[in-house]
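1. only the shape, not the letters, is given here:
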């Protein structure tokens, strides 16, 4: 992969403050990353890497290249500091910008969107762009909020355009990609989010609420999701493979 960027980079400051609130959600990140880590190929782009809270859970193995890409200059600088300090592996690099800022000739095995695609208004166009950066057999892996029935003030506050259902995979799939996997995670999180949607209507969960969900509800979800066949949950995982 050649991580060469356009001289005119796309930059903007992220407005949400939920990244810090969820930074301690270790059980949740361990759970979803156990599903997604095996999908990481040798060369990876992580779009919207934020403050690296997901990166350290995903890139546990050895990779020849892992580009942490984020349009917020402060996030990009923070990611560089994590790499310099050894918190992230030395094969990681950080860059400020979006996918279309990269050299069109750059090809990778996996592109991750972890809690990112729902922030992009033209999500279909974004998936088409991502496909152009994939090697044959490469994968696009999306983890996003699920079910608009629990779309809340929190979603609005952090700039979500939508939540997803399995039925969205069809409109998101361009010619040249096939859906390889699609499933839901965190059924108990769905129940808690529905209760918030109907009764509490809070725009930002408190640190105590995040810890209660992570420490008490996520472990139950890990058991029930398996028993219920991952039929519903607060989060959806969609995986495409390039033909």
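-> That came through fine. Keep in mind it's a predicted model, so treat the numbers as computed, not measured.

2. helices of this structure, start to end?
-> Shown for the chain, the helices assigned by DSSP state H span residues 18-21, 26-36, 55-58, 73-84, 123-132, 153-157, 168-172, 187-195, 207-212, 218-227.

3. wait, which of these is closest to residue 141?
-> For the helices of the chain, the distance to residue 141 is smallest for helix 26-36, at 5.8 Å, taking C-beta to C-beta. The way it works is simple: take the backbone N, C-alpha and C, and place the C-beta from them, glycine included.

4. export the helices of the chain to TSV and tack on distance to residue 47 and mean pLDDT?
-> As requested, those are arranged in TSV below (distance: least, C-beta to C-beta, whole Å; pLDDT from 0 to 100):
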stretch	distance to residue 47	mean pLDDT
helix 18-21	15	63
helix 26-36	14	96
helix 55-58	12	92
helix 73-84	12	95
helix 123-132	8	97
helix 153-157	19	85
helix 168-172	15	97
helix 187-195	23	95
helix 207-212	24	89
helix 218-227	25	97
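
5. go through those helices and name the closest to residue 101.
-> Across the helices of the chain, residue 101 has its closest neighbour in helix 123-132 (10.7 Å, C-beta to C-beta).

6. for that closest one, packing partners?
-> For helix 123-132, the contact count by 3 or more C-beta pairs under 8 Å, 6 or more residues apart in numbering; DSSP states H and E identifies strand 108-114, strand 134-145, helix 168-172, strand 235-242 as packing neighbours.

7. same thing but 10 Å
-> On a contact count with 3 or more C-beta pairs under 10 Å, 6 or more residues apart in numbering; DSSP states H and E, helix 123-132 meets strand 43-47, strand 108-114, strand 134-145, helix 168-172, strand 177-185, strand 235-242.

8. so how far is the longest one from its chain's centroid?
-> Here strand 134-145 is found 11 Å from its chain centre; the criterion is C-alpha atoms, centre = their mean, to the nearest Å.

9. what mean pLDDT does that strand have?
-> Per-residue pLDDT over strand 134-145 has a mean of 98.

10. count of neighbours near the closest residue to residue 148 other than its chain neighbours?
-> Beyond its immediate neighbours in the sequence, the residue positioned closest to residue 148 (C-beta to C-beta, 6 or more residues apart in numbering) is residue 163, lying 4.9 Å away. The burial metric for residue 163, expressed as a neighbour count using other C-beta atoms under 10 Å, is 21.

11. what residues are up against residue 163?
-> If a contact means C-beta atoms under 10 Å, 6 or more residues apart in numbering, then residue 163 has 118, 144-152, 155, 193, 234-236 as its contacts.

12. and the two most separated of these?
-> Using C-beta to C-beta, the two most remote members of the contacts of residue 163 are 152 and 236, lying 16.1 Å apart.

13. more neighbours, the two?
-> For residue 152 versus residue 236, neighbours defined as other C-beta under 10 Å are more numerous around residue 236 (25 against 20).

14. what's the closest non-adjacent residue to the more buried one?
-> In space, and not counting its chain neighbours, residue 236 is closest to residue 146: 3.9 Å by C-beta to C-beta, 6+ apart.

15. now do the same contact list for the one you found.
-> Contact partners of residue 146, counting by C-beta under 10 Å, 6+ apart, are 118, 163-166, 168, 183-186, 189-190, 193, 232-238.

16. quick revisit: can I get the helices of the chain in a markdown table including mean neighbour count?
-> Supplementary listing: the helices of the chain in a markdown table, determined by neighbours: other C-beta atoms under 10 Å:
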| stretch | mean neighbour count |
| --- | --- |
| helix 18-21 | 15 |
| helix 26-36 | 18 |
| helix 55-58 | 20 |
| helix 73-84 | 17 |
| helix 123-132 | 18 |
| helix 153-157 | 16 |
| helix 168-172 | 15 |
| helix 187-195 | 19 |
| helix 207-212 | 14 |
| helix 218-227 | 16 |
